Each structure stands twice: as structure tokens, then as C-alpha cells.
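Visitor: the sequence and its predicted three-dimensional model are supplied below.
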Amino acid sequence: HIETATGDGKSLYSGTVPLETSAATGGFTLTDATRGNGFTADANNKTDSILCQLFQLGCPTPTRFTDADNHWGTGTNADRATAAVDAHYGAETTFDYYKNVHGRNGIFGDGKGVPSRVHYGTNYVNAFWDGKQMTYGDGDNVAAGPLVSLDVAGHEMSHGVTEHTANLTYSGESGGLNEATSDIFGTLVEFSANNASDPGDYYIGEKIMKDRPALRFMDKPSKDGKSPDCYSSGVGNLDVHYSSAIANHFAYLLAEGTGAKTIGGLPHDSTACDGSTLTGIGHDKLGKIWYRALTTYMTSGTTYAQARTATLNAATDLYGATSPERAAVAAAWTAVAVN
Ligand code: ASN
Ligand code: ZN
Ligand code: CA
């Protein structure tokens with residue numbers, strides 16, 4: 001007999017958080033029956049063999065966490081359940097973001113929750129969505145700690161949303177748009193949590209990175225030393241995590257405009273490629289416009305020029321052809337040299 005329960009956990013990055021769990025004989029489990037039975041398990045530092053990755057053959061079975069009193073984790077890595085607290089909270093927050101803001105019932109739109117695995121591999125500095133489940137590495141404790149922050153969780157699970165909507169091909173300009181979609185919604189998931197320990201910002205991975213302030217910067221992507229701030233032909237030849245920079249910069253400028261400000265306690269400063277001054281329309285409207293563009297107008301081969309049209313169409317649908325929102329979308333693309 002299993003019944004829903006509400007516990008709490010001491011996370012690594014988000015303070016003490018409420019957790020939806022299940023009560024069963026022998027203790028509680030990290031299974032969220034209120035969100036389609038998404039659950040969080042321990043990968044036990046194992047990795048998936050190539051046979052597992054390609055044919056789902058011989059894949060290691062993650063172990064379910066159990067807890068006697070439904071108070072999970074200690075806030076440090078010494079307890080293996082701590083990273084699980086962050087991952088479970090990240091899955092809950094992402095599920096709620098898509099449901100409450102976009103009316104999307106889970107990653108697949110079918111109400112099903114997803115499995116999350118923590119403690120994948122050894123010193124594994126990545127996290128990934130494999131089409132069915134979330135997987136998080138522990139990091140190497142030099143470049144990065146465990147990759148279980150809210151923005152990373154939202155980023156990875158949003159790859160599942162993209163796959164089931166526009167299905168943007170993961171190379172060329174569409175690959176950059178796929179990655180940017182994950183950075184945009186990962187950021188909006190972080191904002192939506194309204195968590196005092198991990199407030200919303202436009203940095204990606206600021207909680208996990210140890211040797212620099214963040215993995216990526218949407219206000220000025222070139223702060224990472226590698227990403228472009230402005231579109232040029234050939235941007236589609238870059239790795240998708242750098243070609244994403246154009247849409248990340250667009251998204252920041254649309255939401256926040258140009259100039260310097262502190263957001264989530266972090267410095268942000270954005271400049272338009274054409275020197276123009278922009279006023280933002282806020283991150284809620286950015287999310288509405290990008291989600292409608294992704295689910296209504298973008299397709300697998302969408303380019304940057306076509307993303308401009310897709311978001312203009314979305315803004316027309318949502319706010320009208322002569323709206324300030326639609327004009328702001330046009331100005332933000334022009335500001336990153338997508339004309
Ligand atoms: N963390 C990487 C990403 O989501 C891994 C991947 O799936 N390509 O971009
Ligand atoms: Zn990604
Ligand atoms: Ca962030």
C-alpha cells in the first residue's frame with residue numbers, strides 16, 4: 001500500500017525544500033504521486049555502457065532512496081540523499097512550471113512524471129536527458145560540484161519538451177536554438193521557484209560552477225570567453241552550446257533590455273550589437289512568446305532568421321500585431337543582428 005506524503009529535505013543549493021514523497025511499508029520513497037509518479041534514485045556511481053546507451057541492454061538499475069522520517073538529506077554531499085533532494089525538487093519545480101505557466105502536463109504532455117538518477121559515474125561533470133529520464137553527475141569538485149541546480153534541471157528536462165514539440169535538430173542553427181530553448185526555460189524554472197537560496201538570474205550553472213562564476217551568461221554570452229554576442233553567418237558551425245548564445249542574448253534583451261543591473265544578486269550588463277537602447281518586457285512574457293513559438297511555429301530545421309519570424313508570429317497571436325510586445329521582439333532580434 002502506497003500513499004502520498006509531504007516531507008522535506010536539506011538540499012545542496014536551494015536550502016530546505018518541501019518534497020512530495022510516498023509512504024510505503026518500511027519507510028518513505030522519493031516518488032511524487034502528485035506529479036505523475038516522477039521518482040529520484042541513486043545511480044550508485046555506475047555509468048551506462050555503450051550497449052545500454054544504444055540498445056538499452058544491460059543498463060544498471062538505480063537504487064531507490066528510502067527514509068524513515070521523511071526528512072531527507074543534510075545539505076552536504078556526505079549524505080547521498082542530499083543531491084537527491086535537489087534533483088527531486090528540480091523535477092517538481094520543472095513539472096509545476098510547465099503545468100502552471102504553459103498548461104503543459106509534464107515533459108511529454110501526458111501527465112507522466114520522469115525518473116531522475118543522481119550520483120552517475122565518478123567525477124562526472126555533466127547532466128543529461130536521454131529521452132526518458134534525467135541523469136546527474138557529481139562533478140569533480142574542482143570545476144564543478146554536483147550538477148543538480150534548478151537551472152540545470154530545468155535545462156535538461158526542457159530538452160524533452162523541445163523533442164516533443166518543435167524537435168529542433170541538435171546541430172547547426174537549429175541546434176543553437178535547441179540549446180537556447182533549454183537555457184531560457186531552465187532560467188524561467190529557476191525564477192518560478194522563487195527560492196531565496198537560488199534566486200532567478202540569467203546565468204546558467206552559477207550554483208554548480210567552482211572555477212568561474214557560471215557556465216553561460218545570457219546577458220553577455222561572451223563573458224564565457226568563447227560565445228558570440230551577435231549573429232554572423234557561420235554561427236551554425238559552432239558547437240550548439242555556443243551558437244545558442246545569439247538566442248540567449250536575444251532572450252535577455254527582450255526580458256530585461258540594455259544596461260547594467262543586479263538580478264538574483266548577480267551583476268548583469270547587456271549591450272545591443274547595433275548600439276540601440278532597449279527596455280525589457282519581463283521574463284514572464286519572454287516565456288509566453290518563446291513557448292508559443294516553440295510549440296506552434298518552430299520545426300526541426302528552424303534557422304535564426306526563421307526564429308525571428310516564429311517569435312514575431314507568437315507575439316502577434318498573444319498580444320496583437322501593433323502591440324509593444326511584438327515591437328520589442330523585433331527590436332531584440334535586431335539588437336543581436338538577426339534581421
Ligand atoms: N548537459 C549537456 C546539455 O544538455 C549534455 C547534452 O545533453 N548535450 O547540453
Ligand atoms: Zn543542453
Ligand atoms: Ca541561474
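Guide: Received it, and whenever you're ready, just let me know what you need. The shown structure was predicted, so the numbers you read here are calculated from the model rather than taken from an experiment. Ligands and ions are numbered 1, 2, ... in the order given.

Visitor: what residue in the stretch 51-200 of the chain comes nearest to ligand 1?
Guide: Residue nearest to ligand 1 within the stretch 51-200 of the chain: Phe128 (4.0 Å; C-beta to the nearest ligand atom). (C-beta placed from N, C-alpha, C; glycine too.)

Visitor: secondary structure class for the residue nearest to Asn70 when sequence neighbours are not counted?
Guide: Closest residue to Asn70 apart from its sequence neighbours, by C-beta to C-beta, 6 or more residues apart in numbering: Gly7 at 3.2 Å. Three-state call for Gly7 (DSSP: H, G, I helix; E, B strand; the rest coil): strand.

Visitor: burial of Gly7, as a residue count?
Guide: Look at Gly7: counted by other C-beta atoms under 10 Å, it has 20 neighbours.

Visitor: correct me if wrong: it contacts Asp67.
Guide: Yes: between Gly7 and Asp67 there is a contact under C-beta atoms under 8 Å: 7.3 Å.

Visitor: overlap in contacts, those two.
Guide: 21, 28 (C-beta atoms under 8 Å, 6 or more residues apart in numbering).

Visitor: those residues of the stretch 201-339 of the chain touching ligand 3, which are they?
Guide: Selection of the stretch 201-339 of the chain residues close to ligand 3 by C-beta under 5 Å from the ion yields 201, 203.

Visitor: what sits up against the host helix or strand of Lys285?
Guide: Element membership for Lys285, per DSSP states H and E: helix 283-292. Identification of contacts with helix 283-292 by C-beta under 8 Å, 6+ apart yields 101-102, 181, 184-185, 187-188, 191, 200, 251, 254-256, 311, 314-315, 317-319, 325, 329.

Visitor: quick one: average confidence on it?
Guide: Here helix 283-292 scores 99 as its mean pLDDT.

Visitor: over to stretch 246-256?
Guide: Stretch 246-256 shows an average pLDDT of 99 in the prediction.

Visitor: kindly report the same for stretch 129-137.
Guide: So the average pLDDT for stretch 129-137 ends up being 97.

Visitor: domains of this structure?
Guide: Domain assignment for the chain, taken from automatic domain parsing, gives 3-148, 172-335.

Visitor: quick one: distance of the shortest one to the chain centre.
Guide: The offset between the C-alpha centroid of domain 3-148 and the centroid of the whole chain comes to 15 Å, using C-alpha atoms, centre = their mean, to the nearest Å.

Visitor: ditto for stretch 181-195
Guide: For stretch 181-195, the separation from the chain centroid amounts to 6 Å (computed by C-alpha atoms, centre = their mean).

Visitor: likewise stretch 220-237?
Guide: 20 Å.

Visitor: distance check, whichever residue of the chain sits closest to ligand 3 against His164.
Guide: With C-beta to the ion, the shortest gap between the chain and ligand 3 falls at Asp151, namely 3.8 Å. For Asp151, the distance to His164 (C-beta to C-beta, to the nearest Å) stands at 21 Å.
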